[in-house]
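1. Have a look; sequence and predicted model below, questions after that.
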Amino acid sequence: MDHDQSNPQTLGDLLYANTAAAHVTEQEWVRLVESIAAGDQLALHSIYERTHRIVFTLSLRITGNRETAEEITLDVFHDVWRRASAYDPAGGSVVGWIMNQARSRAIDRVRFEQRKKRLNTSGEEPPPLPAPRNPQEAVQLVQEVHHLKQALNTLTLEERQVIETAFFSEMTYPEVAEKLNQPLGTVKTRIRSGLAKLRESLGKTRGAL
């Protein structure tokens with residue numbers, strides 16, 4: 001049965017709908033975390049591919065800034081790499097564990113930005129930025145973000161406009177049509193064609209890795 005597209009899911013959900021990656025048992029999730037704890041970077045990449053889109057969406061929702069959300073997404077998976085050995089299945093699911101880290105980091109970032117604004121207003125120096133991460137640990141994650149940006153560049157201006165309005169602003173299709181002053185049918189057509197291009201582009205990228 002087709003889902004009602006008047007209430008779109010996240011962009012990542014639609015891009016990878018009905019793929020094998022969407023069907024992972026909790027036992028498989030736990031095994032991946034155990035492999036990460038043992039130093040398996042391929043396991044980290046596998047978890048990243050399955051969850052980075054929802055991490056980004058949550059981070060964007062909390063911070064309201066795409067660049068900040070991208071940074072938080074990388075930080076979260078750096079934390080997954082460092083903290084995998086501390087994961088306890090009794091405390092909740094792997095995805096829940098990851099999303100809790102994303103929520104915590106995003107809230108901390110918002111609070112940090114608010115404190116920085118207050119300090120700057122009072123004329124005091126802002127606190128120092130955290131030390132940079134090991135670039136070897138983060139390079140693969142940076143490449144994934146780059147691939148998604150490249151895929152978005154394959155869209156026409158009109159396709160990209162409706163997709164970004166629908167998913168990044170979390171609007172329904174009728175709301176997108178009203179905001180962009182376009183017929184609802186045109187909005188749906190452009191979103192369908194744009195998603196098809198994104199799937200094809202990202203599929204080629206994944207196949208080349």
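-> Looks like it came in fine. Residues are numbered from 1 along each chain as shown.
2. Please spell out which residues along stretch 41-54 are buried.
-> 43-48, 50-54 (16 or more other Cβ atoms under 10 Å). Bear in mind the C-beta positions are built from the backbone N, C-alpha and C, glycine included.
3. Counting by contacts, list what the helix of greatest length in the chain packs against.
-> The residue-count maximum for a helix in the chain (DSSP state H) belongs to helix 94-122. For helix 94-122, the contact count by 3 or more Cβ pairs under 8 Å, 6 or more residues apart in numbering; DSSP states H and E identifies helix 26-37, helix 41-63, helix 66-83 as packing neighbours.
4. can I get those in a markdown table with distance to residue 155?
-> Listed next are those as a markdown table, based on distance: least, Cβ to Cβ, whole Å:
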| stretch | distance to residue 155 |
| --- | --- |
| helix 26-37 | 32 |
| helix 41-63 | 17 |
| helix 66-83 | 16 |
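5. Would you map out the domains in the chain?
-> 11-132, 153-209 (automatic domain parsing).
6. how about TSV for the helices and strands packed on helix 94-122, with distance to residue 166 and mean pLDDT added?
-> Shown next, in TSV, are the helices and strands packed on helix 94-122 (distance: least, Cβ to Cβ, whole Å; pLDDT from 0 to 100):
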stretch	distance to residue 166	mean pLDDT
helix 26-37	29	91
helix 41-63	13	89
helix 66-83	15	89
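7. And these: which comes nearest residue 171?
-> helix 41-63 (13.0 Å; Cβ to Cβ).
8. quick one: the closest one to helix 26-37, angle?
-> 100 degrees (axes from the mean of the first three to the mean of the last three Cα atoms, to 10 degrees).
9. Point out where the chain drops to low pLDDT.
-> Applying pLDDT under 70 to the chain flags the ranges 1-23, 116, 118-149, 168-170, 204-209.
10. picking up where we left off before, could you redo the buried residues of stretch 41-54 as CSV and give each row distance to residue 187?
-> Output for the buried residues of stretch 41-54, formatted as CSV (distance: Cβ to Cβ, whole Å):
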residue, distance to residue 187
43, 39
44, 37
45, 35
46, 34
47, 34
48, 31
50, 29
51, 28
52, 27
53, 22
54, 24
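11. closest to residue 83 among those residues?
-> The closest of the buried residues of stretch 41-54 to residue 83 turns out to be residue 44 (Cβ to Cβ; 11.7 Å).
12. How about that closest one: what's its closest non-neighbour residue?
-> Once flanking residues are discounted, residue 44 sits nearest to residue 36: 5.1 Å by Cβ to Cβ, 6 or more residues apart in numbering.
13. burial of that neighbour, as a residue count?
-> By the criterion of other Cβ atoms under 10 Å, residue 36 has 24 neighbours.
14. List the contacts of it.
-> 43-44, 47, 80-81, 84 (Cβ atoms under 8 Å, 6 or more residues apart in numbering).
15. what's the answer for residue 64, then?
-> Residues counted as contacts of residue 64 (Cβ under 8 Å, 6+ apart): none.
16. try it again with 10 Å
-> Counting by Cβ atoms under 10 Å, 6 or more residues apart in numbering, residue 64 makes contact with 106, 110.
17. Now it. Its backbone dihedrals?
-> phi 70, psi 20 (degrees, to the nearest 10).
18. now do residue 39
-> With angles defined as degrees, to the nearest 10, residue 39 sits at phi 100, psi 20.
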